[in-house]
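Enquirer: Fold the following for me, if possible:
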Amino acid sequence: MKVRVAVIDSGVHAAHPHVNGVAGGIAITCDGREEEDYVDRIGHGTAVTAVIREKAPAAEIFAVRIFHHSLATRMVPLIQAIDWCVRNGMDLINLSLGTSNPAHEPVLRQAVQRVLAGGGLLIAAGAQAGVRWLPGTLPGVLAVELDWDCPREEYRTATLPDGRTLYRACGFPRPAPGIAPERNLRGLSFAVANVTGLVARQICEGRTILASSV
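Expert: Prediction:
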């Protein structure tokens, strides 16, 4: 079974050997314009994509670039990126990012509902160290938290007070030759990517996942 995965991030260096190509993509500028150049010039999106490719080699991965010069952007391109994913039939949307600004909650809630109505699933950073990340902590989103004791090849689940399923995963990315894990990129971003890759593989294999309640 095919699964289409969108990575909303800093783009992707598709020729990287840990990525082995992508099915397509788009870039959305800070002022909301769509461009064809989704090449990653920061590295974060490529590392996230490599994690997903490692776990789900058969997935069709699409790069949606919203970070251009740093890992920061405005809400407009993020919402447009999510809507692009809905229009293009993405099954999974990886958001290794988030905002703690509660003022953005209404527009993000609406975007999540559009994803669900289109049959997709957003996988995003949940709470960490007392910070409530959005949209990961919203109903309808598959929330991910860090668990450094969890092996990279699996995830753990728990039930949140509102009945949603919480996923916990390791925060290490795919190992890079010659770089010690403690010197490599790591953190909640890669816990999200590890879960996205594992969920994508389950879908490819026709297995059921524990979805987040609406």
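Enquirer: Which helix in the protein has the most residues?
Expert: helix 188-204 (DSSP state H).
Enquirer: Now do that one: distance to the chain's middle.
Expert: 8 Å (C-alpha atoms, centre = their mean, to the nearest Å).
Enquirer: Could you list every helix and strand in contact with that helix?
Expert: helix 44-55, strand 92-95, strand 121-125, strand 142-146, strand 165-169 (3 or more C-beta pairs under 8 Å, 6 or more residues apart in numbering; DSSP states H and E). The way it works is simple: take the backbone N, C-alpha and C, and place the C-beta from them, glycine included.
Enquirer: what angle sits between it and helix 44-55?
Expert: Taking axes from the mean of the first three to the mean of the last three C-alpha atoms, to 10 degrees, helix 188-204 and helix 44-55 form an angle of 40 degrees between their directions.
Enquirer: how about helix 188-204: buried residues?
Expert: Judged by neighbour count (16 or more other C-beta atoms under 10 Å), helix 188-204 contains these buried residues: 188-204.
Enquirer: Just list whatever residues bridge to the spatially most central residue of the chain.
Expert: Centroid-nearest residue in the chain: Asn94, 1.8 Å away (criterion: C-alpha atoms, centre = their mean). Beta-bridge pairing for Asn94 (DSSP bridges): Val7, Ile123.
Enquirer: isn't it right up against Val12?
Expert: No. If you go by C-beta atoms under 8 Å, Asn94 and Val12 don't touch, sitting 11.3 Å apart.
Enquirer: Mean neighbour count, the helices and strands packed on helix 188-204: which tops it?
Expert: Comparing the helices and strands packed on helix 188-204 on average neighbours per residue, with mean count of other C-beta atoms under 10 Å, the densest one is strand 92-95 at a mean of 29.
Enquirer: after it, next one along is what?
Expert: helix 105-117 (DSSP states H and E).
Enquirer: For that next one, name the packing helices and strands.
Expert: By 3+ C-beta pairs under 8 Å, 6+ apart, helix 105-117 packs against helix 75-87, strand 121-125.
Enquirer: tell me the mean pLDDT over stretch 185-199?
Expert: Stretch 185-199 carries an average pLDDT of 93.
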